[in-house]
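Chemist: model the following, please.
(2 chains)
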There are 2 protein chains.
Amino acid sequence: MQNIKITVAYDGAAFHGWQFQPGDLQTIQGTLQEALRKITQERIMIHGASRTDAGVHAFGQVAHFKTHSNLPALDLKRAMNALMPPTVRVVDASETGQDFHSRWMAQAKTYRYRIHRARVLSPFDYGRVLHYPWELNEDAMNEAARLFEGEHDFTSFAASTGSEEDDKDRDMMRVIYSSEVTRDPAACEIAYVVRGKSFLRYMVRKIVGTLLEVGKGKLTPADIPRLFDARDRSLSGPTVQPQGLYLMSLEYPDPTNSWATFKAQRPRPPR
Amino acid sequence: MQNIKITVAYDGAAFHGWQFQPGDLQTIQGTLQEALRKITQERIMIHGASRTDAGVHAFGQVAHFKTHSNLPALDLKRAMNALMPPTVRVVDASETGQDFHSRWMAQAKTYRYRIHRARVLSPFDYGRVLHYPWELNEDAMNEAARLFEGEHDFTSFAASTGSEEDDKDRDMMRVIYSSEVTRDPAACEIAYVVRGKSFLRYMVRKIVGTLLEVGKGKLTPADIPRLFDARDRSLSGPTVQPQGLYLMSLEYPDPTNSWATFKAQRPRPPR
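Modeler: As a prediction, this is how the structure comes out:
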C-alpha cells in the first residue's frame, strides 16, 4: 500500500469548492478521486489539508491518499493531469511515509488575498481578485493586520454555525504566525498575506473584510483588540468574496512521516 | 458629432473574435456596439485597428466611433464598462479629431505571443499561453526572430485566401520594425514580441510556428531567408493556437487628428 502526497493547484471559479458533493456539482476532491478511480480501478479517498470554499483558488493545496497501485508517484501525477480538466493540476506527487496525514500534520498554512486597486479591472484578473478602486488607508490596514499575529479567540472573525450552542462549544482559539498587508504598486495591487497554524471557516475573508473597514476609516487599528474581546461576529467587517483568496502553501515537519518529529518541530506563536 | 477613440482590453477566450457576426455569436465589436446602442439610442459602427481572430487577447486594441451623444468620453467609458461583461473593458476613452481613424492612421502595432515552459501548466494560465514544456533552442529561436525585421514578402507566413488568383493579387510586402524572443526565467516563460506597420492574417502565429520549428532543430535560422524567397506557406511552420497571442498596443502620430502629421511621422523600417 502506497501513501501518496500530492500538491494541487486549481482555479476555484471552476469548482464548487474542495469537498466532494454527491450529484453533478464539480468539486476538486471529486475531480481528483474520479481521475484516480480511472487510473487504479480503486475507490480512493483523498484527504486535503484545507477544505477550501467555492471560488477559493489554490497554488499549493496538499492532499494524500492510499492506493494498492504500484505506479510510481510521477506516473500517477502525469495520468491524473491527463484525465482532469486544465483548471486543476497536480503540480507535485511523491510517495511518503505510511503515517503522513496532510491535514493533521500540517504545521502552518499560508493564504493570500488579492485586492486590485486600478480604476478599471483587467479582463484577465476577473474572478481572481477583489476589485476595490476607491480610496484606502493602506498604512492603517497594515497596522491593523499586524494585530492579528499571536494567539487569539477568533469568534468575531469566524462563520456562525447557525446554532448558538454549537458556537459556545467550539474552540475558537487560533495561532497566527504572521499577518500583513503587502503592496505591489507596479501591479496596482495590495494583498493580505497570513500564515497560521489553522484557520476557522471564513476567517481569512472576514479578517480582510475588517481590514477594508479600517482602510475606509470606519474602524481603526485600535478596534482590533476590542473585536477580539467582544467575541461577536456582527461587529467585525463583512466576509469578502471568495474570488481573491489563494491557498498558497502548507508546511510539514521534516521528515514528514514521523509524528514524533512533527510534535518536536511545531512552531511557536510570536511574542 | 463627436469622434471617440477608445482603448480596449479583452480575454479572447470569451469571444468569437473582434468582428461583428450576425446571430448569437459573441464578438468584441458586437459587444461594444450593443453597449453603445443602449447608452446613446443610436446604431453606432465601431472601427477597430485590428480584427483579432477568435481566441486572441488584447491589452491595447484601439477603436473609434462617431456619435451624436454629448456625453463626455469618460462617462461613455464608465457606462460601457457597466453594461458589458467583465471579459471586455474600455480602459481609456477620449474625444479625438474628426478625421482620426484607428485603422488607417495606425503607424505601428505590437503583438506578444506567450509560450509557457514549465512541466505542468498553471490552471491560471490555461487558455492564455501556448504550453510547450519540451526542449527548445531558445538562442536559435531569437536569432531566427531577428531575421524577420525589415521589409519582406510574407507570402510564406500568411493565411491562404483559398484562391490562387487572389493570393497572386494581394500585396504580401510587410514592414517589421522589431522582432525578438524574450525570456522570463522566473515565470518559466518565453515570449515572441513583434512590432510592425501592419500584419497579414495569421502572420504572427505562423511566424511563431516557424520559430518553434527552429527551436526544435527542424529548421535553422539560415532557412528564414529561403522561406521568404520561396513564397510557399507549406514550407514554414504551422499556425499556432490563438490562445497565447496578445495585441499589446497601437501607435499613432501626434497629434493623431492630422493626416499631414501622420504622413510626415511615418516610421521607416530598420537597415
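Chemist: the one helix or strand A:E151 maps to: how far from the chain's middle?
Modeler: Using DSSP states H and E, A:E151 falls within strand A:150-153. Taking CA atoms, centre = their mean, to the nearest Å, one finds the center of strand A:150-153 at 18 Å from the center of the full chain.
Chemist: parallel or antiparallel, list what pairs with that strand.
Modeler: Take DSSP bridges as the rule and strand A:150-153 pairs in its sheet with strand A:173-184 (antiparallel).
Chemist: what's in contact with the partner strand?
Modeler: A:108, A:138, A:141-142, A:145-154, A:189-200, A:203, A:207, A:211, A:267, A:269-270 (CB atoms under 8 Å, 6 or more residues apart in numbering or on different chains). From N, CA and C alone the C-beta is placed, and that goes for glycine too.
Chemist: what are the boundaries of the helices in the stretch 151-271 of chain A?
Modeler: Using DSSP state H, counting those that start in this stretch, the helices of the stretch 151-271 of chain A run over A:164-169, A:203-216, A:223-230, A:259-265.
Chemist: lowest average confidence across those, which one?
Modeler: For the helices of the stretch 151-271 of chain A, mean pLDDT drops lowest on helix A:259-265, to a mean of 54.
Chemist: count of residues packed around whichever residue of the stretch 151-271 of chain A sits closest to chain B?
Modeler: Nearest to chain B, among the residues of the stretch 151-271 of chain A, is A:Y246, at 9.5 Å (CB to the nearest CB). Applying other CB atoms under 10 Å in any protein chain shown, we find 25 residues neighbouring A:Y246.
Chemist: beta partners of it?
Modeler: Under the criterion used (DSSP bridges), A:Y246 bridges to A:H57, A:R112.
Chemist: who's the closest spatial neighbour of A:G209, skipping the chain neighbours?
Modeler: Spatial nearest neighbour of A:G209, chain neighbours left out: A:G237 (3.3 Å); criterion: CB to CB, 6 or more residues apart in numbering or on different chains.
Chemist: could you do A:A13 as well?
Modeler: Using CB to CB, 6+ apart, the nearest residue to A:A13 is A:G127, at 4.5 Å.
Chemist: ok, the one you found - contacts?
Modeler: Contacts of A:G127 (CB under 8 Å, 6+ apart): A:13, A:55, A:243, B:86.
Chemist: pretty sure the first one is in a helix, no?
Modeler: Think A:A13. Yes: using DSSP: H, G, I helix; E, B strand; the rest coil, the assignment for A:A13 is a helix.
Chemist: confidence score at it?
Modeler: 92.
Chemist: pretty sure it is touching A:L245, no?
Modeler: No: using CB atoms under 8 Å, A:A13 makes no contact with A:L245, being 11.6 Å away.
Chemist: between the two, which one's more packed in?
Modeler: A:L245 (25 against 16).
Chemist: now do the same for that one: its pLDDT.
Modeler: pLDDT, A:L245: 98.
Chemist: wait, it touches A:K206, no?
Modeler: No: counting by CB under 8 Å, A:L245 sits too far from A:K206 to count as a contact (11.3 Å).
Chemist: how close does A:Q98 get to chain B?
Modeler: According to CB to the nearest CB, to the nearest Å, A:Q98 and chain B sit 27 Å apart.
Chemist: quick check: closest non-adjacent residue to that residue.
Modeler: Per CB to CB, 6+ apart, closest to A:Q98 is A:N3, 5.3 Å.
Chemist: who in the stretch 1-150 of chain A is up against chain B?
Modeler: A:9-11, A:14, A:57, A:59, A:81, A:86-91, A:120-124, A:126-128 (CB under 8 Å from any CB of the partner chain).
Chemist: so which of the residues you listed belong to strands?
Modeler: A:9-10, A:57, A:59, A:88-91 (DSSP state E).
Chemist: between those residues, which is nearest B:L74?
Modeler: A:H57 (33.0 Å; CB to CB).
Chemist: residue contacts, that closest one?
Modeler: A:10-13, A:128, A:243, A:245-247, B:124.
Chemist: one more pass at 10 Å, please.
Modeler: Residues near A:H57 by CB atoms under 10 Å, 6 or more residues apart in numbering or on different chains: A:9-15, A:87, A:112, A:114, A:127-128, A:242-248, B:123-124.
Chemist: equivalent analysis for A:I4, please.
Modeler: Contacts of A:I4 by CB under 10 Å, 6+ apart are A:36, A:44, A:46, A:63-67, A:69, A:71-73, A:76-77, A:90, A:93-96, A:100.
Chemist: just the buried members of those residues?
Modeler: A:36, A:44, A:46, A:63-65, A:67, A:69, A:73, A:76-77, A:90, A:93-94, A:96, A:100 (16 or more other CB atoms under 10 Å in any protein chain shown).
Chemist: among those, which lie within helices?
Modeler: Per DSSP state H, helices hold the following members of the buried ones among the contacts of A:I4: A:36, A:73, A:76-77.
Chemist: possible to save these as a markdown table with distance to A:S50 and pLDDT?
Modeler: Conversion of those to a markdown table gives the following (distance: CB to CB, whole Å; pLDDT from 0 to 100):
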| residue | distance to A:S50 | pLDDT |
| --- | --- | --- |
| A:L36 | 19 | 98 |
| A:A73 | 21 | 97 |
| A:L76 | 21 | 98 |
| A:K77 | 20 | 98 |
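Chemist: wait, isn't A:H16 in contact with A:R51?
Modeler: No: the criterion here is CB atoms under 10 Å, and A:H16 misses it with A:R51 at 11.8 Å.
Chemist: give me the common contacts of those two.
Modeler: Contacts common to A:H16 and A:R51, judged by CB under 10 Å, 6+ apart, are A:27-28.
Chemist: counting neighbours, which bits of stretch A:241-254 end up buried?
Modeler: So for stretch A:241-254, counting by 16+ other CB under 10 Å, buried means A:241-253.
Chemist: out of the ones in strands among the residues of the stretch 1-150 of chain A next to chain B, who's nearest A:G30?
Modeler: A:V88 (10.3 Å).
Chemist: sorry, back to before: of the ones in strands among the residues of the stretch 1-150 of chain A next to chain B, closest to A:R170?
Modeler: A:H57 (26.6 Å).
Chemist: B:Y132 versus that closest one, what's the distance?
Modeler: Here A:H57 is placed at a distance of 24 Å from B:Y132 (CB to CB, to the nearest Å).
Chemist: next: A:Q241.
Modeler: For A:Q241, the distance to B:Y132 - CB to CB - is 34 Å.
Chemist: also A:T27?
Modeler: For A:T27, the distance to B:Y132 - CB to CB - is 31 Å.
Chemist: A:S249 now?
Modeler: From A:S249 to B:Y132 the distance is 27 Å (CB to CB).
Chemist: now swap in A:E95 and tell me
Modeler: 29 Å.
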